[in-house]
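K.L.:
No sequence on hand, only this structure:
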Ligand code: MLT
């Protein structure tokens, strides 16, 4: 039986955001970074059922890579997909890493912001997101990293961004499933994440039986990019634990 690591990216990015994990954890076995529907050249999926389509695409990527079970690591939107993966492909899950994400759904104002973003990106294109991205990085992030992220946003198709935004608005509250998670789980947050702050992420660690909590000091929302060595160290340790 082959166990691997499955990496699920955030919004509005693609699998390239995991470059440091792919390079740094290669020696642990199969590392599979998936482009979620519409992103990074992957085919689009409709708004309805998008999260499940994303999970299905990830399961198919594991199958193609010859991986029987995986430690599933989702960051932010990738975490929302990880919950769908857990619901629909549980037999494939050897462990979970929930990074800079949360289990709850959006409130009405949050849903409206996502609809507004979808409408605007369809009307104007993605230039405004490139010029003024959401707070994905901390104030200390390097100009190079900032530029790297802006380029990554700039190459994502408008419709992928719009549909994923609406799909996040539609997502169900996954809090009720937390108590039933029975695989080793690592919850990661970072102290300078203002998009999904530590107080939104941390409660999952006490709601999931036996989960471990790690706080990366100083990193912003994309903690894997701002603190790749620390993120990889945590993943490596967790992979060993999921053995
Ligand atoms: C992400 O970084 O994937 C998204 O910003 C998450 C979200 O908007 O809820």
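P.N.:
Structure's in. What do you need? Keep in mind that what you see is a predicted model, and the values were worked out from it rather than measured.
K.L.:
Up against the ligand, what does this structure have?
P.N.:
Residues of the chain lying near the ligand by CB under 6 Å from any ligand atom: 10-11, 76-77, 134, 168, 195, 221. C-beta here means a position set from N, CA and C on the backbone, and glycine is covered the same way.
K.L.:
redo that, cut-off 5 Å
P.N.:
Contacts of the chain with the ligand, taken as CB under 5 Å from any ligand atom, map to 10-11, 76-77.
K.L.:
Counting only helices, which of those residues make the cut?
P.N.:
residue 77 (DSSP state H).
K.L.:
Pull the most distant pair out of the residues of the chain next to the ligand.
P.N.:
11 and 76 (6.5 Å; CB to CB).
K.L.:
Who has more neighbours out of the two?
P.N.:
Between residue 11 and residue 76, residue 76 has the larger neighbour count (other CB atoms under 10 Å), namely 28 against 24.
K.L.:
close enough to count as contact, the more buried one and residue 101?
P.N.:
Yes. Counting by CB atoms under 8 Å, residue 101 is a contact partner of residue 76 at 5.2 Å.
K.L.:
for the protein, what are the low-confidence residue spans?
P.N.:
Scanning the chain for pLDDT under 70 picks out nothing.
K.L.:
rerun at 80
P.N.:
Scanning the chain for pLDDT under 80 picks out 1-2, 243.
K.L.:
any idea which element the residue of it positioned farthest from its centre lies in?
P.N.:
The C-alpha centroid of the chain is most remote from residue 123, which lies 26.3 Å away (CA atoms, centre = their mean). Residue 123 is part of helix 108-124 when elements are defined by DSSP states H and E.
K.L.:
Can you point out the buried residues in the following helix or strand past that helix?
P.N.:
Using DSSP H and E, the helix or strand that follows helix 108-124 in sequence is helix 127-131. Across helix 127-131, burial judged by 16 or more other CB atoms under 10 Å covers 129-130.
K.L.:
Tell me which other helices or strands helix 127-131 touches.
P.N.:
helix 108-124, helix 143-154 (3 or more CB pairs under 8 Å, 6 or more residues apart in numbering; DSSP states H and E).
K.L.:
Contact partners for the closest residue to residue 152 other than its chain neighbours?
P.N.:
In space, and not counting its chain neighbours, residue 152 is closest to residue 13: 5.2 Å by CB to CB, 6 or more residues apart in numbering. Residues in contact with residue 13 (CB atoms under 8 Å, 6 or more residues apart in numbering) are 39, 149, 152-153, 156.
K.L.:
who wins for neighbours among these?
P.N.:
residue 39 (26 neighbours).
K.L.:
isn't it right up against residue 8?
P.N.:
No. Counting by CB under 8 Å, residue 39 stays clear of residue 8, with 10.8 Å between them.
K.L.:
Residues that sit against both of residue 76 and residue 101, list them.
P.N.:
With CB under 8 Å, 6+ apart, residue 76 and residue 101 have common neighbours residue 196.
K.L.:
and the contacts of residue 13, which two are the farthest apart?
P.N.:
Between any two of those (CB to CB), the greatest distance is 13.7 Å, for 39 and 149.
K.L.:
Could you measure from residue 241 over to the ligand?
P.N.:
25 Å (CB to the nearest ligand atom, to the nearest Å).
K.L.:
What of residue 40?
P.N.:
14 Å.
K.L.:
Identify the residues contacting the residue nearest to that residue when sequence neighbours are not counted.
P.N.:
Nearest residue to residue 40, sequence neighbours excluded (CB to CB, 6+ apart): residue 14, at 3.0 Å. Residue 14 makes contacts with 35-36, 39-41, 152, 155-156, as judged by CB under 8 Å, 6+ apart.
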